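J.: following is a predicted model, sequence given first.
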Amino acid sequence: MILPFRAFASRSRQSGNDSGYNETRMSPKISTSEEFRNTPGRGMVILTAGVAALGGLLFGYDTSVISGAMLFLRGDFHLTNNQLEFAVGIALAGALAGSAVAGYGTDRWGRRTVLLATGVGFGVFSVLTGFSAGLVSFSVARFLVGACIGIASMVTPLYLAEMSPAKIRGALVSLNQLAITVGIGAAYFVDYCLAAKGNWRWMFISAVFPAMVLVFGIIPLTESPRWLARRGDRNRALEGFRRLGRGDEAEAELSEIERALEEEPESWRSLFRPGLRRAVLVGVALAILQQITGINTVIYYSPEILQLSGYPSARAAIFAAAVIGVANVLVTIVAILVIDRLGRRFLLLFGTAGMAITLGFVGAAFSRHAAGVTVFYMMVAYVVFFGISLGPVVWLLLSEMYPTKVRGRAMSLGTVCVWGANWLVASTFLSLIHVAGPAGAFWAFSATCVVGFFFSLKFVPETKGRTLEEIERGWRGRSEESS
Ligand code: BGC
């Protein structure tokens, strides 16, 4: 995995690591969090962030809601094991398809417009899922919900990154991750409440409420000024920045964006030219690492894992799974508070090291047939380390590493890798346990965290506090120097 990066690694020693990224700051600071606190438009930034993060909430909700509905679906539709597996997995296939087209859509029609359409899609398809008459109509509706999940997973952090002031971009984009974790928790809660009456239809239909808030909430928001600048719509871009509280700095920020745009390539192929290629490869590798380090085995299967480790009852295991969900939300709040101070790289290194160690202990507990409670504590600790590192940081880096003109498409590529790897891990986890045993499976995931640690150490640049244009020049600067 590391080998393809060797070539550019040797050419980029100055940056402190081997990311091929030039960390020299080239433009004056645009805005500090202190200044931000005193600007009149900050309400608009907060509103925009809150509304856009609903895309993350729907992503979390709709990926997890199926877990509670599964048992009832089997009975109502008379499904075989294979049919049930298909019904559960079809949304991931939709997410893969959605994230593949999202880049084209956001570059062409704008970030806000695509997010609005996705909100409408979430509402309509969630209701259709709830009213489905059999496996076929259910699968079609879930595939379409999945497509919305894929699009939302990409456009939400993208929109948040483009409208955030540089100094607090980490926190604002990470609201997306917080919303994902809240969405996952809300789905478990709704499932739990509706399970007593077996009302699986409302488990899906309930998503219409946050979807409606997203649709109506987004109407007064401004389109991303960066996307408007890219279209040459200077007046609306300037107006957008002013509404987002940039005040006198709006003109300076826009001029910097315009300068960067003049130098930016636009075609798909440019993603694979020196400079950008490094950023694309780092993004793809991080996206895959986020998933192959095993997070969704815990998020999707924790009751099963805990029962395997000897947890006394299904009820206790489900309760323990809920505790893991709450820990996931709480640690994401901590991540939001520290991400713009401690930086992306530090959190990645700290988190992947902790993930490797805790998964090592989970493996050891299984190999010694130790009590389920050790497995439980280590799983909570693992989720905490993920929630402060690979969870928020990967989505953040994907949203801030690429030039404006190709940001949508480059991010789409990373997002496709997230969903592809997610699908691979989720669909092979039970077989992996069967072949390697639970200890072997968790040691394998621990080993991928070690890879993640060294990968971050060598190839991930620090982007905290920089404008998106400075980050872009960072990649280009190194490639121009080396050529
Ligand atoms: C990942 C999801 C995961 C979630 C857990 C997100 O960053 O992309 O796959 O389920 O974090 O909190």
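T.: Yes, it's here. Numbers count the residues shown, from 1 in each chain.

J.: C-alpha from now on. contacts and neighbour counts both.
T.: Fine.

J.: in this protein, which residue sits closest to the ligand?
T.: Using C-alpha to the nearest ligand atom, the single residue of the chain nearest to the ligand is G391, 3.9 Å away.

J.: for the strand or helix carrying that residue, the averaged confidence score.
T.: Using DSSP states H and E, G391 sits within helix 390-400. For helix 390-400, mean pLDDT is 96.

J.: pLDDT below threshold where in the chain?
T.: For the chain, applying pLDDT under 70 flags the ranges 1-41, 265, 477-483.

J.: got the residues of the stretch 101-250 of the chain near the ligand?
T.: Q177, T181 (C-alpha under 6 Å from any ligand atom).

J.: quick one, helices of the stretch 101-250 of the chain?
T.: Using DSSP state H, counting those that start in this stretch, the helices assigned to the stretch 101-250 of the chain run over residues 111-130, 135-163, 169-195, 200-205, 208-218, 225-230, 234-243, 249-263.

J.: looking at these, which is nearest to A314?
T.: A314 lies closest to helix 169-195 among the helices of the stretch 101-250 of the chain, at 13.3 Å (C-alpha to C-alpha).

J.: so which bits of the closest one are buried?
T.: Counting neighbours by 16 or more other C-alpha atoms under 10 Å, one finds that the buried residues in helix 169-195 are 169-192, 194-195.

J.: and what of stretch 374-383?
T.: Per 16+ other C-alpha under 10 Å, stretch 374-383 contains these buried residues: T374, V375, F376, M378, M379, V380, A381, Y382, V383.

J.: cool, stretch 216-228 as well?
T.: Burial within stretch 216-228, assessed by neighbour count using 16+ other C-alpha under 10 Å, is assigned to G217, I218, L221, T222, E223, S224, P225, R226, W227, L228.

J.: can you name every helix or strand that the helix holding G391 contacts?
T.: For helix 390-400, the packing partners by 3 or more C-alpha pairs under 8 Å, 6 or more residues apart in numbering; DSSP states H and E come out as helix 135-163, helix 169-195, helix 276-292, helix 344-367, helix 404-459.

J.: check contacts around the nearest residue to C148 once chain neighbours are set aside.
T.: The spatially closest residue to C148, leaving aside those adjacent along the chain, is T118, at 5.6 Å (C-alpha to C-alpha, 6 or more residues apart in numbering). Residues in contact with T118, defined by C-alpha atoms under 8 Å, 6 or more residues apart in numbering, are C148, I151, A152.

J.: ok, the last one touching L57?
T.: No. Using C-alpha atoms under 8 Å, A152 makes no contact with L57, being 9.5 Å away.

J.: those two - which one has more neighbours?
T.: A152 (32 against 29; other C-alpha atoms under 10 Å).

J.: re the thing from before, of the buried residues of stretch 216-228, closest to F454?
T.: R226 (33.7 Å).

J.: quick one, what contacts the closest residue to S412 other than its chain neighbours?
T.: If the residues on either side of it in the chain are set aside, S412 comes closest to G103, at 4.9 Å by C-alpha to C-alpha, 6+ apart. In this structure, G103 makes contact with M154, R407, G408, R409, A410, M411, S412, judged by C-alpha under 8 Å, 6+ apart.

J.: correct me, but the fifth one touches M401?
T.: I take that to be A410. No. If you go by C-alpha under 8 Å, A410 and M401 don't touch, sitting 9.1 Å apart.

J.: now do F453 against G275, distance only.
T.: Using C-alpha to C-alpha, to the nearest Å, one obtains 23 Å as the distance from F453 to G275.

J.: gap between the helix holding G391 and the chain center?
T.: Going by C-alpha atoms, centre = their mean, to the nearest Å, the spacing between the C-alpha centre of helix 390-400 and its chain's C-alpha centre is 6 Å.

J.: relative orientation of that helix and helix 135-163 in degrees?
T.: Counting by axes from the mean of the first three to the mean of the last three C-alpha atoms, to 10 degrees, helix 390-400 lies at 70 degrees to helix 135-163.

J.: burial-wise, tell me which of the helices of the stretch 101-250 of the chain comes out on top.
T.: Mean neighbour count (mean count of other C-alpha atoms under 10 Å) peaks for helix 135-163 among these, with a mean of 26.

J.: what's it packed up against?
T.: Helices and strands touching helix 135-163, as assessed by 3+ C-alpha pairs under 8 Å, 6+ apart, comprise helix 42-52, helix 54-64, helix 81-109, helix 111-130, helix 169-195, helix 225-230, helix 390-400, helix 404-459.

J.: tell me the angle that helix makes with helix 54-64.
T.: Angle of helix 135-163 versus helix 54-64, following the same axes, to 10 degrees, is 150 degrees.

J.: ok, residues contacting the helix holding G391?
T.: Residues lying outside helix 390-400 but in contact with it, judged by C-alpha under 8 Å, 6+ apart, are 157-158, 161, 170, 173-174, 176-177, 283, 286-287, 290, 332, 335, 344, 347-348, 351-352, 407, 411, 414, 468, 471.

J.: swap in 6 Å and give it another go.
T.: When contacts are defined by C-alpha atoms under 6 Å, 6 or more residues apart in numbering, helix 390-400 is touched by residues P157, L158, S174, Q177, G283, Q290, M411, L468.

J.: same question, stretch 65-78
T.: By C-alpha under 6 Å, 6+ apart, stretch 65-78 touches G134, A187, D191, W200.

J.: farthest-apart pair in the residues you listed, please.
T.: Using C-alpha to C-alpha, the two most remote members of the contacts of stretch 65-78 are G134 and A187, lying 22.3 Å apart.

J.: count of neighbours near H434?
T.: Neighbouring residues of H434 were enumerated by other C-alpha under 10 Å; the total is 12.

J.: so how far is L308 from it?
T.: H434 sits 12 Å away from L308 when distances are taken as C-alpha to C-alpha.

J.: swap in L337?
T.: In this structure, L337 and L308 are 36 Å apart, going by C-alpha to C-alpha.

J.: equivalent analysis for T404, please.
T.: Looking at T404 against L308, where the rule is C-alpha to C-alpha, the gap reads 47 Å.

J.: look at these two and report which has more neighbours.
T.: When T404 and L308 are compared for neighbours, T404 comes out ahead with 25 against 16, by other C-alpha under 10 Å.

J.: who's in contact with the more buried one?
T.: Taking C-alpha under 6 Å, 6+ apart as the test, T404 contacts no residue whatsoever.

J.: oh, and call the first residue 481 from now on, that's how I've got it
T.: Right, with 481 as the first residue, what we last looked at is T884.

J.: V764 contacts T895, doesn't it?
T.: No. With contact taken as C-alpha atoms under 6 Å, V764 and T895 are classed as non-touching, separated by 8.3 Å.

J.: who has more neighbours out of the two?
T.: Set side by side, V764 and T895 show unequal neighbour counts under other C-alpha under 10 Å, the larger going to T895 at 30 against 21.

J.: give the helix, strand or coil label for I804.
T.: Each residue gets one of three states, and I804 gets helix by DSSP: H, G, I helix; E, B strand; the rest coil.

J.: now it. Nearest residue, chain neighbours left out?
T.: Using C-alpha to C-alpha, 6+ apart and skipping the chain neighbours, the partner closest in space to I804 is V860 (5.4 Å).
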